[in-house]
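K.L.:
got a predicted structure plus its sequence, pasted below:
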Amino acid sequence: MPATHVEDDASPATLARLGRLDTGGHPILTVYVDLDPSRFPTPKARRSELESLMDEAHRLGAADDFVALLAWLEADPESLRDVHGLAVFSSLPAGVLEVVRLHGPVEPLVVVDSIAWLEPLASQSSGCSWGVAVASRRAGRLFRGDASRLTEFAAFQDPLHRRIAAGGLSQDRIERRIESQVAVHARHVAARLLRAHRRRRFDHLVIVAADEVWPLVERSLPDELRRVLAGTVPEDLEKASPEHILGVVRPVIERTERERERDLVGRLEQGLATGRAAAGPGDVHAALEQERVETLLVSEDHPADHSIEAAERQSAGVVVVRYEREWLERHDGIAATLRW
């Protein structure tokens, strides 16, 4: 079994290091194990979860890598003390076994890919619901975040072979072959985006791609992603820093969020006239107690932690208002649309 590297929770530096894992082309098994005592309170319940994850790893052809995880758990049971989950990245042929101890809950997941699948870790460090994809002819980079920060959770490259086979090829055939390889890469970008979206939904998506690449990416997008696509940026930012990428996509994010808030305020004004909205602390708290709230709106600096927790318990949407604050402040910083 390879030497095990253990991290205590997922810092940005840990995410960056795991994103650069080099396995020499060998696949990586990624496993997220839920150890939340409220859901898996007994050793028997935890064993049942591990057996289920083992079955999935076996189905994906990575049973040996999962056995390495089990061996580590048996050899170091104290590592499970005071944790709510584990993120494990294993590639036995490359001598890689990385473990991240998580102090917050995580949904069980098994993925086999050419990269460590870091999206659940990025979700823990970023509570934001924007997705950003950067696609060039051979590289892809995926992020979660908002207008203030992006967290990168996947960076990958697909081979782009430009060699001419013995005997030579016409220029047209060479270009068609390269175009075919770029199309395959575009499908890989879309597939990984969809995997992230299905685990935790993007409210909105921005795609950054040069003009020559965007049509291939667009054709690869499933309807699930098209429905949340907020905009595109025609640039090649393959090697750009996350800060530079954020600066490029921020106008799309801010425009979309401003329009969303404007629409919500319009619904609130209509709802206040018909009884399908509440405004002000007293009326909103009463609606929360009756579990009538559909979407809760709070001003960015309004002390509303208890209201937000109550809204989330009843699966209501929560919007922290940044652009329509003047309207909301007329109602003491809090309002809600109602289900009935």
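P.N.:
Arrived safely. Numbering: from 1, shown residues only.

K.L.:
can we go C-alpha only for contacts and neighbour counts from here?
P.N.:
Noted.

K.L.:
dump the residue contacts of R292.
P.N.:
R292 makes contacts with 338-340, as judged by CA atoms under 8 Å, 6 or more residues apart in numbering.

K.L.:
right, I mislabeled it, should have said E261
P.N.:
By CA under 8 Å, 6+ apart, the residues touching E261 are 321, 323-324.

K.L.:
returning to that earlier point: what would the contacts of R292 look like in a markdown table with secondary structure?
P.N.:
As requested, the contacts of R292 are exported to a markdown table (DSSP: H, G, I helix; E, B strand; the rest coil):
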| residue | secondary structure |
| --- | --- |
| L338 | strand |
| R339 | coil |
| W340 | coil |
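
K.L.:
which among those residues end up buried?
P.N.:
Buried by 16 or more other CA atoms under 10 Å: L338, out of those.

K.L.:
which ChimeraX command selects the buried ones in the contacts of E261?
P.N.:
One line in ChimeraX is enough to select the buried members of the contacts of E261, burial here meaning 16+ other CA under 10 Å:
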select :321,323
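
K.L.:
among the contacts of E261, which are in strands?
P.N.:
With strands taken from DSSP state E, the overlap with those comprises V321.

K.L.:
distance to P93 and pLDDT added to the contacts of E261, as JSON lines?
P.N.:
Output for the contacts of E261, formatted as JSON lines (distance: CA to CA, whole Å; pLDDT from 0 to 100):
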{"residue": "V321", "distance to P93": "50", "pLDDT": "93"}
{"residue": "Y323", "distance to P93": "52", "pLDDT": "93"}
{"residue": "E324", "distance to P93": "55", "pLDDT": "94"}
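
K.L.:
let me know the closest of the contacts of E261 to P43.
P.N.:
Closest approach between these and P43, by CA to CA: V321, at 44.1 Å.

K.L.:
identify the bridge partners of the closest one.
P.N.:
For V321, the beta-bridge partners are S299 (DSSP bridges).

K.L.:
that one is in contact with L297, isn't it?
P.N.:
Yes. If you go by CA atoms under 8 Å, V321 and L297 touch, sitting 6.4 Å apart.
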